[in-house]
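>>> Test case, fold it:
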Amino acid sequence: MLLRTAVCTIYMLCGLSFYVFSQQDPVFTQYLNNMLTIQPAYAGSSGALNITGISRAQWVGFEGAPNTNTLTVSAPLRGFNVGLGVSIVNDKWGPVRQNGIYVDYAFRVKLNRSQFLSFGVKCGFNIYQAYLTDLIINNPSDPVFAYDVNFKFLPNIGVGFLWHSQQFFFGVSSPKILKNRVQSETTENVYREVLHFYGMAGYVFFLTDVLKFKPTVLYRWAERTPSFVDLSGSFLLYDRVWIGATYRMENSYGFIFQFNVNNQLKFGYSYDQTTFHPTQVNSGTHEFLISYDFVYGRRGRQVVPRYF
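Numbering: from 1, shown residues only. Here you go, the predicted structure:
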């Protein structure tokens, strides 16, 4: 009951802001394995047909907390210097539900033996729902919560640029350009999507024959919402085990663990904790990953090592 009261209080205090102005896209700790959801130019860059699933349970123990599941499929068309991808996203938090599917197209320009420029476009849609009448509120006559938002179709497009090699990457993207308008059929309350912009970079340092270090940074800017910077660093041992830590400025910190079973199969787990009274608000965020590469090349070997 206490949790229900707390979450409803939050909705009451910021209901106009999330319903009228903006609704944040999902955020992932293991975003390097889920980059296709924010960067269309990433399609096909791994050099193999890849299928990746991520499940994220945020702020466990807090009722109405975000829960997100994604499935991405990506593959190169080698003869055409093209990469193709598909992203499926299921996201829910509080009374809001979003289900989306997006198709990605990337054209790759080879600069030299190991470096590429990729230009990507993304198109697809979200189905948006908000069960506002299910909330327990102090003022039942409040028009903001008087009616649900049912099955709103939100088409969108995005663009991205990625400069990458086996050892580094640098990119910028805007995965949703259109500012869709959502309005309840029986009220004047309006929710409008906002523009998101991402900048990303990373580098792999070959420290020894068995040890590599990969620092990465992700910057996100969105209209009318706070920007954030993700800083992370991971060590790779024997090309098998990734162990690292991450820090989202003024938001959270955590660790990342990934295990490469073989050239094709990888499992991952990350744990985040908020920097604002973590023991009083929630018991942390858990994120699970599974990824499989259908490898190309002779003898079943992957042509490009998967460092990101």
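>>> where does residue 92 land on pLDDT?
With respect to pLDDT, residue 92 has a value of 89.
>>> Use 724 as the first number from now on
All right, first residue 724 from here; so that's residue 815.
>>> Go ahead and confirm it touches residue 821.
Yes. The criterion here is Cβ atoms under 8 Å, and residue 815 meets it with residue 821 at 7.3 Å. In short, each C-beta sits where N, CA and C put it, glycine included.
>>> Those two: which is more packed in?
Just comparing residue 815 and residue 821: by other Cβ atoms under 10 Å the higher neighbour count belongs to residue 821, 20 against 17.
>>> Confirm that one sits in a helix?
No. Applying DSSP: H, G, I helix; E, B strand; the rest coil, one finds residue 821 to be strand, outside a helix.
>>> list the contacts for it?
With contact taken as Cβ atoms under 8 Å, 6 or more residues apart in numbering, residue 821 is in contact with 812, 813, 814, 815, 849, 850, 851, 852.
>>> and if we set it to 6 Å?
814, 849, 851 (Cβ atoms under 6 Å, 6 or more residues apart in numbering).
>>> Just the element for the spatially closest residue to it that is not a sequence neighbour, please.
Nearest residue to residue 821, sequence neighbours excluded (Cβ to Cβ, 6 or more residues apart in numbering): residue 814, at 4.6 Å. Take DSSP states H and E as the rule and residue 814 turns out to sit in strand 805-816.
>>> which helices and strands sit right next to that strand?
Strand 805-816 sits against strand 790-800, strand 819-833, with contacts defined as 3 or more Cβ pairs under 6 Å, 6 or more residues apart in numbering; DSSP states H and E.
>>> ok now the shortest one, how far from the chain's centre?
What that stands for is strand 790-800. Here strand 790-800 is found 10 Å from its chain centre; the criterion is Cα atoms, centre = their mean, to the nearest Å.
>>> Looks like the residue nearest to residue 821 contacts residue 791 (just checking).
Yes. Assessed by Cβ atoms under 6 Å, residue 814 is found in contact with residue 791 at 4.7 Å.
>>> okay, and the common contacts of the two?
residue 749.
>>> which residues of the chain fall in helices?
Assigned by DSSP state H, the helices in the chain fall at 725-739, 1001-1004.
>>> Least confident of the ones you listed, on average?
helix 725-739 (a mean of 38).
>>> follow-up on the earlier one: separation between the residue nearest to residue 821 and residue 828?
For residue 814, the distance to residue 828 equals 23 Å [Cβ to Cβ, to the nearest Å].
>>> okay, those two: which has more neighbours?
Using other Cβ under 10 Å as the criterion, residue 814 and residue 828 rank with residue 814 on top: 21 against 17.
>>> so what's that one up against?
749, 791, 821.
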